[in-house]
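Asker: sequence first, then the predicted structure:
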Amino acid sequence: MEYKLSINNSLHPQFDNELNMIWPENAVYSKESLNCYFKQLTKNIPVDDKLSEWKLHITIFLGGIFNSKSILIIKRGVVYPAQKIKEITIHITLPTREEAFWGISERTRFNEYIKDYKKHSHVLPVDYQKFESLTEYIQESTKTALAFIFRKGIAINGQKIKKYKADFANSAVL
């Protein structure tokens, strides 16, 4: 089984003085650190031989749902059986400055308003006051969401991919 982690920004861009589009949030977290965590997390997960050619893609969208104060993990994901790919989507909502002093400055940059998101998602509540910076919030929220997915388990082609409690207890990642 092959694992892939992607992190994208779902906020509208800001513009600098030369009218170039920029996403300042992309500069505050370490993709390398999160990819390293992801590799450690997915290492040694028992996988049935039937899934050896499958790929699990997890995509994280920063920006998320305006005013939700939560991490959303879409329950079912998308499956491409011909390509043997399963995709899982995570939305990490970023707070505005009104919610946390280190939050996003402009509320107009949010572009997602999903109706009934609680019905189709696992909702992990977030207390913004527990974090000192946007960097810490993004890093820790990503780790929390990824750990949740592998604790809960992922069904692929009738098989379950899951990291068990003992695996987390012996792991340096949690």
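Answerer: Cool, the structure landed.
Asker: CA atoms for contacts and neighbours, from now on please.
Answerer: Fine.
Asker: show me where the protein has strands.
Answerer: 2-9, 14-15, 21-22, 55-63, 70-74, 78-80, 85-93, 121-125, 154-156, 159-161 (DSSP state E).
Asker: tell me where the longest helix sits in this structure.
Answerer: When the chain is parsed with DSSP state H, its longest helix is helix 134-152.
Asker: so which elements touch it?
Answerer: On a contact count with 3 or more CA pairs under 8 Å, 6 or more residues apart in numbering; DSSP states H and E, helix 134-152 meets helix 31-42, strand 70-74, strand 85-93.
Asker: the longest one vs strand 55-63, what angle?
Answerer: Compare the direction of helix 31-42 with that of strand 55-63 by axes from the mean of the first three to the mean of the last three CA atoms, to 10 degrees and you get 140 degrees.
Asker: circling back to that earlier point, nearest to Glu136, out of the helices and strands packed on helix 134-152?
Answerer: Among the helices and strands packed on helix 134-152, the nearest to Glu136 by CA to CA is helix 31-42 (11.7 Å).
Asker: buried ones in the closest one?
Answerer: Leu34, Tyr37, Phe38, Leu41, Thr42 (16 or more other CA atoms under 10 Å).
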